[in-house]
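K.L.:
Sharing a sequence plus its predicted fold:
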Amino acid sequence: MIAVVIAALGVWTVISPLVLEAAPWNGALNNVLVGLVIAAGGGYDAYRLHNDVPSSPAAGSLVAILGCWLLVSPSIFSMTGTIWWSTLSTGATVTLLAGYATYRARGVRRVVTDRDRSH
């Protein structure tokens, strides 16, 4: 479920410059590119979980790092107003969710690995 929310937040990041207000071109491009990678990472984890495969810590870590990037990028790209708040809050949410999902995925992978070694 968390992976689907992360993917949806990635899609929101992609379309937010169009929906909310005109962001500087470099800020809009940043949101589109980062949002696509976040949506792909969330979708990848959702696909894995749907097929009873543990979540990928590497994909989750990448998404968490991109969430951190969304926290600082509004200031770097001189975004203002609603798009600034949207990018900032989306970054905070993605960082927290992806961080939690990655933390949880590490535990699942360790349990699976330990169980496989005992047989």
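P.N.:
Arrived safely, thanks for sending. Numbers count the residues shown, from 1 in each chain.
K.L.:
Tell me where the protein is predicted with low confidence.
P.N.:
Low-confidence segments of the chain (pLDDT under 70): 22, 107-119.
K.L.:
quick one, helices of it?
P.N.:
Ranges of helices within the chain are 2-19, 25-50, 57-76, 81-118, based on DSSP state H.
K.L.:
now those in TSV, with mean neighbour count?
P.N.:
The C-beta positions use only the backbone N, C-alpha and C, and glycine is treated the same way. Output for the helices of the chain, formatted as TSV (neighbours: other Cβ atoms under 10 Å):
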stretch	mean neighbour count
helix 2-19	19
helix 25-50	19
helix 57-76	19
helix 81-118	16
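K.L.:
I'd like the distance between the spatially closest residue to residue 13 that is not a sequence neighbour and residue 70.
P.N.:
The spatially closest residue to residue 13, leaving aside those adjacent along the chain, is residue 35, at 3.1 Å (Cβ to Cβ, 6 or more residues apart in numbering). To residue 70, residue 35 is 9 Å away according to Cβ to Cβ, to the nearest Å.
K.L.:
residues shared between the contacts of the two?
P.N.:
Shared contacts of residue 35 and residue 70, defined by Cβ atoms under 8 Å, 6 or more residues apart in numbering, are found at residue 13.
K.L.:
Identify the residues contacting the residue nearest to residue 13.
P.N.:
Taking Cβ under 8 Å, 6+ apart, we find residue 35 in contact with 10, 11, 12, 13, 14, 15, 16.
K.L.:
This completes my enquiry, with thanks.
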